[in-house]
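Colleague: Here's a sequence, model it:
(chains A, B, C and D)
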Protein chains: 4
Amino acid sequence: MFDRFSLRQALTTHPWSGATQDGDDKFHEECAVFGAWNVPDASAIAALALHALQHRGQEASGIVSYDGKKFFSHRGLGLVGDVFSDPRVMAGLPGANAIGHNRYSTTGDTLLRNVQPLFAEFEFGGLGVAHNGNLTNANTLRRALVRRGCLFQSTTDSEVFIHLIAISLYATVEDRLIDALKQVQGAYSLVVLSQNALMGVRDPLGVRPLVLGRMPGAAENDATGWIFASESCGLDIVGAEFVRDVEPGELVIIDRDGVRSVRPFTPERPRFCVFEYIYFARPDSVLDGVPVYNARKQIGVELARESAVEADVVVPVPDSGVPSAMGYAQESSIPFELGIIRNHYVGRTFIEPTDQIRNLGVRMKHSTNRPVLNGKRVILVDDSIVRGTTSRKIVDMVRAAGAKEVHMRISSPPTRHSCFYGIDTPERSKLLAAQYDIGKMAELIGVDSLAFISLDGLYRALGHKGRDAAKTRYCDACFTGDYPIPLADHDAEFGPGTA
Amino acid sequence: MFDRFSLRQALTTHPWSGATQDGDDKFHEECAVFGAWNVPDASAIAALALHALQHRGQEASGIVSYDGKKFFSHRGLGLVGDVFSDPRVMAGLPGANAIGHNRYSTTGDTLLRNVQPLFAEFEFGGLGVAHNGNLTNANTLRRALVRRGCLFQSTTDSEVFIHLIAISLYATVEDRLIDALKQVQGAYSLVVLSQNALMGVRDPLGVRPLVLGRMPGAAENDATGWIFASESCGLDIVGAEFVRDVEPGELVIIDRDGVRSVRPFTPERPRFCVFEYIYFARPDSVLDGVPVYNARKQIGVELARESAVEADVVVPVPDSGVPSAMGYAQESSIPFELGIIRNHYVGRTFIEPTDQIRNLGVRMKHSTNRPVLNGKRVILVDDSIVRGTTSRKIVDMVRAAGAKEVHMRISSPPTRHSCFYGIDTPERSKLLAAQYDIGKMAELIGVDSLAFISLDGLYRALGHKGRDAAKTRYCDACFTGDYPIPLADHDAEFGPGTA
Amino acid sequence: MFDRFSLRQALTTHPWSGATQDGDDKFHEECAVFGAWNVPDASAIAALALHALQHRGQEASGIVSYDGKKFFSHRGLGLVGDVFSDPRVMAGLPGANAIGHNRYSTTGDTLLRNVQPLFAEFEFGGLGVAHNGNLTNANTLRRALVRRGCLFQSTTDSEVFIHLIAISLYATVEDRLIDALKQVQGAYSLVVLSQNALMGVRDPLGVRPLVLGRMPGAAENDATGWIFASESCGLDIVGAEFVRDVEPGELVIIDRDGVRSVRPFTPERPRFCVFEYIYFARPDSVLDGVPVYNARKQIGVELARESAVEADVVVPVPDSGVPSAMGYAQESSIPFELGIIRNHYVGRTFIEPTDQIRNLGVRMKHSTNRPVLNGKRVILVDDSIVRGTTSRKIVDMVRAAGAKEVHMRISSPPTRHSCFYGIDTPERSKLLAAQYDIGKMAELIGVDSLAFISLDGLYRALGHKGRDAAKTRYCDACFTGDYPIPLADHDAEFGPGTA
Amino acid sequence: MFDRFSLRQALTTHPWSGATQDGDDKFHEECAVFGAWNVPDASAIAALALHALQHRGQEASGIVSYDGKKFFSHRGLGLVGDVFSDPRVMAGLPGANAIGHNRYSTTGDTLLRNVQPLFAEFEFGGLGVAHNGNLTNANTLRRALVRRGCLFQSTTDSEVFIHLIAISLYATVEDRLIDALKQVQGAYSLVVLSQNALMGVRDPLGVRPLVLGRMPGAAENDATGWIFASESCGLDIVGAEFVRDVEPGELVIIDRDGVRSVRPFTPERPRFCVFEYIYFARPDSVLDGVPVYNARKQIGVELARESAVEADVVVPVPDSGVPSAMGYAQESSIPFELGIIRNHYVGRTFIEPTDQIRNLGVRMKHSTNRPVLNGKRVILVDDSIVRGTTSRKIVDMVRAAGAKEVHMRISSPPTRHSCFYGIDTPERSKLLAAQYDIGKMAELIGVDSLAFISLDGLYRALGHKGRDAAKTRYCDACFTGDYPIPLADHDAEFGPGTA
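Modeller: Numbers count the residues shown, from 1 in each chain, chains lettered A, B, ... in the order given. Purely as a prediction, here's the structure:
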C-alpha cells in the first residue's frame, strides 16, 4: 500500500520523535475501505464509517463522491475527524454515492498524493478506487507500465490498478477491472466507484476482509441503498444491516439493476488473514461469521489451558490484550485486574527527550496501577511481540510497581516472518521471534516465564481441530512462512525463499 | 474557576457541534495543578505530569517556569500534547522550578487570558499561581477589589488570589499569601511559585486533592527535588516517590532550606470530595490513602449486594464504569463482558447533522458488541446519571443490539445538587435526579430496572460504617445538599438555601 | 495554463470577496519559469528569482531540484515568500540544479495538483517541466492521449507535454521532448530538468519571453553555472549575467558538455507578445533588447503627441501607469504629480461588504491625494481598460477629490479580443472595447475625454515605423484579432473566426 | 509604547531573519489610533481606517467596540487585513462605536497582551484606550502603582493610563481621565471609548497627530457620526469629512449631547513632530493644515537649492524618497527617473542565508533598473540615514548597475539623537550621524558626495523663515537634541543630559 522503506525512515528520523513517543511496536493493518451506493449524504455516511474503521489506518483519509453528474474528492493527512471536520469540506462532497479510505501512513505534503481513494478521468469517465491489501507483483507491473508510457503519480502499489484499467482494450468498466485483476497478484479488497456502478471485490484467497450491507429505506426513490465496508463495525455505526461477507474471488457489482455477482477467477481454497482475529479487527466486528471478541476470549482460554502458571492476578496490556486476558482469567480462575492504565489523551508528538527525561523511562501511553501489582505474581497478557521493545518497557514498569513475578502470555504464536499482504511489519531481522528462541526472548524481555499460544491452540480457538497444513483456511504466513500467494517482487529482488 | 455560564453557552452554540458530537453528560473536574522545585528540566517534567493529569482538564494548559533569574510562561488552548508539542516552546521554559495547570474549558482566543497558571509581577517580584477548585465568595471579593482600583484581566475566580496578594500590607510572599487565603472562601488546592519558594496549599476542608512527592537524586547539586501534583498518578509518570497528601488547611513551603509546613487556619473536620473516588480521579491514583481503583471495584461489590438482579451479563459503560462493573460481576457471579466498545480516535469536531444523520442516531464514541448483547439480559454499570441524555442513548443502542432486558446500575447516589467547589455541573434544574424519582428516571432512560448505590453503601465501599452526618469526612453535597462551605456569592444572588 | 472557467468562477464566488476587494481588472500574465544548472543552493537561487518574478503569477509556486541522485519537489499555494518560508522546506530541496514556476491561479487544496513544475518518473528517469504560455490544441491532444490510456492528474494544458514525452518512441530525453514539441501548438516558454540536462525552449514564434544567464564562478568545480528565467530581472536578483534571449523556436540544452542549441522547427517570423512591454514585464527587465521602462516612457511620449489635451497635472494610476505618465508629462510639459496613492499593505481578503460599506465605495488599494487633485484639470494615465469597472471607480475617486476635469489616456490600444497564448483575459463579451466605441467608453467611465495610443504609435514607441501587418514582429491579437497561431481547441468548440 | 529592548532582541535573534531579509533601517512610527462614534458598522469602519493607517504600525492590530450594552474586543498579531479577515471576527465586534489601534511591534503569543486597544472593566464600567506616543515618566509611575498593589498585565507604557484611571478618586470617567493625564509626561494622542462617550486627546505639545472627522448622514437616528484618526487619510478611506485637527492639549468629548472641548492644561507652545512630514505620515494626509506630499516635494526643492550637483538623473529610493526626488528634479531640471524598483510581494520571512546567498548580497525589496543607471551620474534621494546599512547596500546596487557617479541627497537633517516620544529609533550610538561627520559618512556609504537638508531649509520647506530656537513650533529633537518634554525615566536611569 505504500513505499514502506521511505515511510519507516520518515518516522524514525522525525525530529520530534523520541524516547517518550511510544512506538507501539505492533503489526499494523494498513487500510480500511468503504463504499455507499444510493444513500443520501453518502459522504457523511462514509466519514462516519471511516471513523469507526479508524483502527485500520490512522494517518490519512479520503472520500470520492459522485452526485450523478460529477465526481468530487477530498483527501488529507490526519484522523478522519480532522480531515472531514470542516463543514465546507463535506459540502464539497455531494451525492448519494461515495467511496472512502483510511490509510496507515505518513507525514509531509509530498505524500498527500499517496492518500486514497485514487481517482482518475478515463476515456469512459471518472473512476475512484480504494484498496486494502498489498500487491506482490506491483513493481514488476509498474516497470512494464512505465515502459509503455504510463506516468505514475504516487508511490503506492495500488496505482497499478488504475493504469491497468486505463490501458485495457475491453470496453466496459467491469471488463476492464476484471482484466486488471487478472494481472495482479497479492491481497486486495477493493471498492470501486464509477458513474454507473459501485463494485467490491476480494482477491481469490480473500486475505483481507470486506462485507456487504444494506441501508434500510435509505434512498429517496425507495430503491435500496448498499454499503461495502472492511469490517461489520463500519455497517453498525451508520445503521446498515449486515448482509454477508463478500466472498474470496467475488466481484459484487451494484448498479441501477440491483446487485449481481461475478466470479472471474478459478476457485481456490480461501486463506483469510488469521491476524485479523488476533489484533487488527475491532472486537465488535464479525468476520467470516466469527465474532472477533469471542475469538479473542477463546484464545485466552486456550492459552490458559496450554500455559498455566500460578499467579495472583491476570493483567491485560490495554487495550488489545483485554479480551484474551478475560478468557485467560476465566479459564484459570485467577482474578482479572486492570493493572495497567492507558492514557487516551494524546495530542501531537511531544517533549524532546533530554537526558533527564530519557533516564526516567517515561511512558506516555501506559501507567501502572500500583495497588493492583505491588507484591503480586502477575500474568501479563498481550496480543503479540514484534520487536520486543515495548514488552520490555511494560515489564519494567510492572516490576517497578512492585510485582514479585511477571509471567507473560501472548495470544498469538511467535511472529517470525514479514507480511507481504497489506500489513506493515518490520523486516524479518527485526522480529524478536525470528532471532531468538522463547527462553532467550523471556530473558530479553525480563519475565519469569513467557508463553505463546500454539498454532493448533489458535486454530482450536477459532473452532477448528488444529492446523492442518494441507487444508488450512487461514493465511498464517507471519507465524509459519507458508505464503499462499507468490512473492514475485520480493523474490525478484532478494531471491526465492528469502521471505 | 471560570465564567461557567458563558462557557456553557459557547459549547452549546458551537456551530459544528451536533447530534453526532456526543456531549458526555458527566460532571467535570475542572482543573489539575502541578509544581516542581529543584528538578532539572522542570517544565518538561511539568508537561509530562500535566499529560498524566489530562483527565482533570482537557481544553487548556499552561506552565510557568523560573530559572533563578527570570520567569517564563506559555499557555494555550488544547491538549497538553498540543500546547507543548513545539520544541521551541519547551526551550522557552527553562529552569529547575515550574508550576503547571490543566483546565476544563473553552474556545476562542479571547479566553486565552483565562488559562492558568496566572502570573504577575509584584513589588516583591514575579509570582505564578495555579488553582484547582472554586471560590464561593469570589464575586464579593472581586467587587470590593474593583472598587479599590484593581483591574481584572480574566473572568476566573482565581484572579482574586493575585490581587489580594498584591494589595496585602504584609512584607513576605508567604505572609501575603496567608493574608489572601484568610479572605477567600471555597475549595482550593493551590500551587504557587515565587523567586524563593514553591508552595502548595489545600483549603481547610481539603475538598480537592493535592499530593507531595520527591524526585530521587534529581538535582545537579544533590539537593532534593520536590513535586506537587493533584493526584499521585502525576508523580508516577515522572518517577517521583509519593511522600504524602498535603493535609487539609496545610501550607507546604519548599525553599532553599527544605520543606516546612504552616497551618494558618483553625483545624476543621476535613471534607474531601467523594466524587473524586467515583469518577474524577484516575483509577491508578491513591487519594488520602485509598486506591481509587479498589474503591471503584468495591462500590460495584456494594452495588451488587444492594441491587441484585437476574441477568446474563454485566456490561460496563466504558471507560469509567469498568472497575465498578468488575466488582459487580465478581460479587454477583454474573459474567463480565465488554458489550460496549469505545472508539478512541477523536480528531476535531465532526460532521454536521443532516436529517439523515440525525435519524441514524449515530454515536461517535461508543458502539455495541452485538454478539455479547444479542438475546441477553444485560446489567449496564455506569458511574452517574447527570441529565440522562447519554444514558438514554446507550440503553437504546444496547436494545438495538438485541438485549432482551436492560438493568442499569449506577455507582453513585442520585446527583440532585450542583457543585460549587470546582466541578462543572449543570444547573440543578437540569439534573435528572433533581426532577424525578427513580421509577420515573427508569422510564425516561428506558430500562427494565434502575438502581443507584445508597449513600451508606458508598461510605461502606470506602471503608466506613455508613454515612454519619455528624462526622462524615467527605463532601457529598451533590447527593445530599449538605454544603460544608458557605455559598456567599450564590446566596447573595439567589437567596440562602436555594442551591 | 489552467482551467480558466472554473478558476474564474472560484474567484467571483469567493464568499469573502466583495465590493471592497478590488478586483484589479487587468489582463494577467499567467506564469513565470526559472531554471538553474550547476549552481550551489540552486533551490534558494530559484526561490529568490521566483520572488523577483512574482508579478508573473502570485498565487502558487513550486520548485523541483536534483542533487545528482534524486529529485525533490515542493509546491504550494500562495506567494513565493510563503511557500518557501520554512527552512525545512528549503532543506528538503537540495542540489545544484533546480527549476521553478510561479502561477497565477486558484484556491483550494484540490487544485494543488495543478501547481507546477510538473514532475514524473519516466522509464529514463525523473523529469520536471515548467511552462509559461498556453497550448491551443491541448484539448485535442488530451482526448487522444486519454483514449490511449494516459491518466491525467491535473486540469492544466501543460500536462500534455509530459504524456507526449512518456509515450514517445524516441530514446533520449532530448528527442522525446522535440517529438512532443512538434505535436503541440500554442505559446510556450518551457524549462525542463532531467538527470542529465537543463533545457530551455521557446515556441517557434517566441510569444512568451525566456532569457539565458550565467552565474559568475558559481560552481564548486569551477564549471560555469547557467540560469534560465522568464525575464532578465530574474537574473539580476541572483547576480547572474545576462547572456542573451533564448530565440524563438530554439531549444537550449545545458549539460556536462556545456551549452548547445537545437532548432527543431522551420524558421518563422517571430511574434513576441507586445503586451509584455505595455504591462506584464517588470520595468527593470530588458526583453529582446528593449528596456521595458524605456518602452513605457516612450509610449507615454507618443500618447502625448497623439492625444494632447490642456490640463494642469498628469497623474498615473499606480504602479503600472507611472512610466507612461512620466513620458506623457515630459512630452506635454504638464507637471507629473502623484495624485493617487497605492496602499501596499494587503493581508488576506478583507471585510464583508455591508450596505454601509458598499455605499462608501471604499477602495482598499488606492486613495486620492486631494491637495494635488482639488480644482485641477487632471490627465489620468493608465495602461489598459479591460472591463472598465476599476477605471470607473478611479475616475469617481478623482472627481470626489475635487478634480475639475478628468482626461484619461491609455498606454495600449483598445483591447478587443481575448488572448489564447497564456494571458488570463475575460471572455470577449466582457471587454469594454469589444462592445463600445471610444465615445461611449468615455461616457461609461465618466471622463471628459478618453484616448488610447494607436497601433502605429505603439509600434513607433518600440522603435518601428508603425505596424506593417505583413511583417509585424509582435503578437498584438488582443488589439487586432490577428492570431498568429491557430486556435484549434477554440475553433473546434466555437467555430472558426469566433475568437 | 512597548518594551523596546526585548523587542529589538527578538527581532535581531529571529532564527529566520538573515542577510536577505532587508531590515529597512528607518525610524518607525509606532502606532495609529482611530475612533468612531454613532457610525453603523463601526468596527468595519475602524478596520478600513486601520488598513489605511497601516504604515503607522504593521505588526499588530486591535479593535474594541461597544453596542450600547456590552464591549467586544479582538486583537491579533499581523496586518490589519489578516487580523480582521475572518467574517466571524467582524461579526463578534458589533455596535456603532469602536476604537482601533495599529502597532509597530513584535512576535510571539506572549506579547499578544501588549496589543492595543487596552481594555478593562472598572467600577464605572468598561473602558477602552488606544495610545499613540510614548510616556517619558512611565517607569516612575509604574513603580509607584505596583507598590500600591496594581498588577500590570503588559509591558507597555500605555498601561499606566488605565491604572491611573482605576485608582483615581474622581467620580466621572472624564475627571478620572484628566486626573490621569495630569500625572503623565510624554507624547500621546489617545482615543478612549467608554459606555457614554468617545474621547480624543493630544498631549499639551501636540507631538503626535490626531484629527477629527464627521460621517455625513451616517447614523440611523440622523444624529451625526464622528471619527478620530491619527491622520486625515484615515478619514478619506471611510468617506468622512475632515473637520479639524484636535489641538495640542485639547480633550474632545463626544457623547449624546454632541461634541465639546476641554482644555485641562496650561497652554504651551505646540511642538508637532517634524518627522511626520519627512517620513512617517502618508503623502496624501494633511497635518496641521500642511499637505504632506507638498511638504516633501518642497523639501526636495530646498535640497536642490542647497546642495546642487551636476548629474544625469535624479533617482528616488522608493517609495518614501519619491516626492523629494520629484522636487529635486524639478528645481534642478535634471530628469527624474525610476532607477530603483521596489518589489511589493513579500510573504513571510524568507530563505536562510547560506554563504552562497550572502555573497550575492541579494536584496528582496529593491532591484535596479539598469538601463536607467548604466553610465550615468546619479543623484540618489532618500528621506534619512539611520544606521547607514541600507544606504550602503543601495549605493552598491546602483554602482553595480553601472552608475558612474553616485551623489546622495537626504531630505532630513542628520539624525543624531534618539526619540523618546513614540518613534522606534536605535540607541544613539547606532546612529551613523551621531558618530561621524558628513565626510566620513559619505565614505562609509560609498558615495561621491553626500548632503542633508539643513534645519533652516527644512523649516523653509514647511513655510517658515528658518528655525528659530526660541519659538520653533516643531519637535526636532532627533536632529537637535532639544527635547521639549522632560525625559524623567531616561534621566533617572542614565543621568540628565545623556539622551
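
Colleague: Buried ones in the top strand by length along chain A, by neighbour count?
Modeller: If each strand of chain A is counted by residues according to DSSP state E, the longest one is strand A:125-135. The neighbour-count criterion (16 or more other CB atoms under 10 Å in any protein chain shown) identifies A:126-135 as the buried residues of strand A:125-135. For the C-beta atoms, the positions are set from N, CA and C on the backbone; glycine is no exception.

Colleague: Run a quick neighbour tally on residue A:155.
Modeller: If you count neighbours by other CB atoms under 10 Å in any protein chain shown, residue A:155 ends up with 17.

Colleague: Is it correct that it is in contact with residue A:114?
Modeller: Yes. Using CB atoms under 8 Å, residue A:155 and residue A:114 qualify as a contacting pair, with a distance of 6.0 Å.

Colleague: Given the longest strand of chain A, what are its sheet partners and their directions?
Modeller: Taking DSSP bridges as the criterion, strand A:125-135 pairs within the sheet with strand A:118-122 (antiparallel), strand A:186-194 (antiparallel).

Colleague: for the record, mean pLDDT for the first one?
Modeller: Spelled out, that is strand A:118-122. Mean pLDDT, strand A:118-122: 91.

Colleague: Restricting to C-alpha, output it in CSV.
Modeller: What follows is strand A:118-122, C-alpha atoms only, in CSV (Å, rounded to 0.1, in the frame of the first residue of the first chain):
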residue,chain,number,x,y,z
LEU,A,118,-7.2,7.1,-6.1
PHE,A,119,-9.2,8.9,-8.8
ALA,A,120,-8.7,9.4,-12.5
GLU,A,121,-10.6,10.5,-15.5
PHE,A,122,-10.7,7.8,-18.1
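
Colleague: neighbouring contacts of that strand?
Modeller: With CB atoms under 8 Å, 6 or more residues apart in numbering or on different chains as the test, strand A:118-122 has contacts from A:64, A:71, A:73, A:126-131, A:154, A:156, A:158-159, A:161-162, A:165-166, C:146, C:151-153.

Colleague: Of those, which belong to strands?
Modeller: Those of those mapping onto strands are A:64, A:71, A:73, A:126-131, per DSSP E.

Colleague: Just send the residues you listed back as a markdown table, with pLDDT too.
Modeller: Compiled in a markdown table, the ones in strands among the contacts of strand A:118-122 are given as follows (pLDDT from 0 to 100):
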| residue | pLDDT |
| --- | --- |
| A:64 | 97 |
| A:71 | 94 |
| A:73 | 92 |
| A:126 | 93 |
| A:127 | 95 |
| A:128 | 96 |
| A:129 | 97 |
| A:130 | 97 |
| A:131 | 96 |
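
Colleague: still on that earlier bit, okay, the strands paired with strand A:125-135, which one's buried deepest?
Modeller: Each of the strands paired with strand A:125-135 was assessed for mean neighbour count using mean count of other CB atoms under 10 Å in any protein chain shown. The highest is strand A:186-194, with a mean of 27.

Colleague: For the following helix or strand past that strand, which strands pair with it and how are they oriented?
Modeller: Scanning the chain past strand A:186-194 towards its C-terminal end, the next helix or strand to appear is strand A:197-202 (assignment: DSSP states H and E). For strand A:197-202, sheet partners with direction are given as strand A:186-194 (antiparallel), strand A:251-255 (antiparallel), following DSSP bridges.

Colleague: Which residue, neighbours along the chain excluded, lies closest to residue A:340?
Modeller: The shortest distance from residue A:340 to any residue that is not its chain neighbour, by CB to CB, 6 or more residues apart in numbering or on different chains, is 5.3 Å, and that residue is residue A:366.
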